[in-house]
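Asks: sequence and predicted structure are below.
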Amino acid sequence: MFKFLRNWSFKKSVLFATAIGLAAFISTVAFGQEATVSASQQGTVVTIELPAEAYTGELITGKLVVHNAQNLAGFQATIGYDQNNLSASVYTEEELETGGRDILLLDPVRREGAIVVGAATCPSADCGDSYARQSRQQARGVDGFAELATLELYADVPGSYELRLENVKLVDPQGNLLATAANGAVLVIRTR
């Protein structure tokens, strides 16, 4: 009799744990969608900002930035460009550290006519610290405006060149995708 009750108690525990796990999963999905809707309502936008004037034979510096970020902890974006007429390099900025989280910079990856750039953060001030669990943890990401990367361009031929933003992904500290809009830019290069 006691063996049956013990087994029944174990079965109830397993059922209860399964129900709690399922409820947690459903609430995570529901709250994740709610957070995504909230972020899009706030107008989170990733853009390429370029100088007002750009000339052939000179280094042109632009910025990949985010406006109205909500709890941002990492990003990835593909910047497309005319590789026949433009030379391009990208350097990840470290502004995601401003919230107290250390940053892991991902080396830019070159593809034909595009560069993929990104970064992620960890909850401590030093991602390499083996005692990070004992150190003060920072659960929140960055809010508002942040520079994500610096874009350096060079051209010998004047013209209008489209810079495309593709596959832009923003994530919060838990790895949930944040809703965002992405706006590329047109670079107009003149001769002096």
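Replies: Yep, that arrived.
Asks: correct me, but residue 61 touches residue 152?
Replies: Yes. Distance between residue 61 and residue 152: 5.7 Å, which falls inside the contact criterion (CB atoms under 8 Å). (Glycine included, C-beta is placed from N, CA and C.)
Asks: who does whatever helix or strand residue 70 lives in touch, helix- and strand-wise?
Replies: Secondary structure here is read from DSSP states H and E; on that basis residue 70 sits in strand 60-72. The elements that strand 60-72 packs onto, with contact taken as 3 or more CB pairs under 8 Å, 6 or more residues apart in numbering; DSSP states H and E, are helix 2-42, strand 45-49, strand 74-80, strand 142-154, strand 159-171, strand 177-178, strand 185-189.
Asks: each with direction, which strands does it pair with?
Replies: strand 45-49 (antiparallel), strand 142-154 (antiparallel) (DSSP bridges).
Asks: can I get those in CSV with mean pLDDT, mean neighbour count and distance to residue 79?
Replies: CSV is the format used below for the strands paired with strand 60-72 (pLDDT from 0 to 100; neighbours: other CB atoms under 10 Å; distance: least, CB to CB, whole Å):
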stretch, mean pLDDT, mean neighbour count, distance to residue 79
strand 45-49, 97, 18, 7
strand 142-154, 96, 18, 7
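Asks: what pLDDT does the closest residue to residue 109 other than its chain neighbours get?
Replies: If the residues on either side of it in the chain are set aside, residue 109 comes closest to residue 116, at 4.3 Å by CB to CB, 6 or more residues apart in numbering. Turning to residue 116, the model gives it a pLDDT of 97.
Asks: what strand or helix carries residue 116?
Replies: For residue 116, the enclosing helix or strand under DSSP H and E is strand 114-122.
Asks: and the contacts of that strand?
Replies: Outside strand 114-122, the residues that touch it by CB atoms under 8 Å, 6 or more residues apart in numbering are 64, 73-81, 88-90, 92, 94, 96-97, 99, 101-106, 108-109, 127, 132, 141, 148-149, 164, 166-167, 171, 173.
Asks: again, only this time at 7 Å
Replies: Residues lying outside strand 114-122 but in contact with it, judged by CB atoms under 7 Å, 6 or more residues apart in numbering, are 73-80, 88, 90, 92, 96, 101-106, 108-109, 141, 149.
Asks: quick one: strands adjacent to it?
Replies: Taking DSSP bridges as the criterion, strand 114-122 pairs within the sheet with strand 74-80 (antiparallel), strand 102-111 (antiparallel).
Asks: many thanks, we can stop here.
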